[in-house]
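In: the amino acid sequence is not available; the structure is as follows:
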């Protein structure tokens, strides 16, 4: 009696017809480097003058128009007060003045604009920076009627550093020459003094804020 031993070789179906070793493909996980978010550029007391020195070279505009509900006021900015002119053009292009107010009105003296107690104004200033401008009072400009000048900051300020977000227009018929030497005249009204007179004669509250708000629709560059 013969016993037949049959050896059956079991092979995985997956290996049939493939005598080469199976390659193991590993996926490389590439971690994308997250770019560091750039901090927004903010103006400060340290960088404001260098910034406006360069900005003035490429932004030569010098005529602007303030649009209000009472009419338009056209202003010529002086080229030889470069930092104050450049600052005003910069803020105009940044749309800072849009929606701001003539917030202080003193009949037979000045109308002052660029500020309010709203949170929106505070946020706009925060996005631009906190800085003051040094006075530029030795160019011979005086506070004639129609002169545009920059008030000093409300903080303790023996050097009369200017608050860059505000300006005032002299409405007084015979000028306000007692301001000469303390505040920087950097432009003049060339058209629209009748509008300045209308605004200066509006009724105000105890803060010298007009009872009926005088809002800038916008300021545009002509």
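Out: That came in fine, so what should we check first? Just so we're clear, the structure is a prediction, and the values are computed from it rather than from any experiment.

In: now do the contacts for residue 221.
Out: 61, 63, 64, 65, 89, 92, 93 (Cβ atoms under 8 Å, 6 or more residues apart in numbering). In this view, the C-beta of every residue, glycine as well, is placed from N, C-alpha and C.

In: out of the residues you listed, the closest to residue 138 would be?
Out: Checking these against residue 138 by Cβ to Cβ gives residue 89 as the nearest, at 21.9 Å.

In: in its sheet, what does the helix or strand hosting residue 217 sit against?
Out: For residue 217, the element it lies in under DSSP states H and E is strand 216-221. Take DSSP bridges as the rule and strand 216-221 pairs in its sheet with strand 63-68 (antiparallel).

In: ok now the helix or strand that comes right after the strand it pairs with, how far from the chain's centre?
Out: Using DSSP H and E, the next helix or strand after strand 63-68 towards the C-terminus is strand 71-77. What separates the centre of strand 71-77 from the centre of its chain is 20 Å, taken as Cα atoms, centre = their mean, to the nearest Å.

In: strand 71-77: which residues count as buried?
Out: 73, 74, 75, 76, 77 (16 or more other Cβ atoms under 10 Å).

In: isn't the third one right up against residue 67?
Out: To tie it back to what came earlier, the one meant is residue 75. No. Using Cβ atoms under 8 Å, residue 75 is not in contact with residue 67; the gap is 12.0 Å.

In: first vs last residue of stretch 128-138, how far apart are they?
Out: Using Cα to Cα, to the nearest Å, one end of stretch 128-138 lies 28 Å from the other.

In: that one - what's its average pLDDT?
Out: When pLDDT is averaged over stretch 128-138, the result is 93.

In: return the set of buried residues in it.
Out: Residues of stretch 128-138 classed as buried: 128, 129, 131, 132, 133, 135, 136, 137 (neighbour count, 16+ other Cβ under 10 Å).

In: chain center to it, what's the gap?
Out: With Cα atoms, centre = their mean, you get 14 Å for stretch 128-138.

In: which outside residues touch it?
Out: Contacts of stretch 128-138 (Cβ under 8 Å, 6+ apart): 41-45, 47-49, 81, 83-84, 87, 91, 94, 96, 150, 152-153, 157, 159-164, 180-186.
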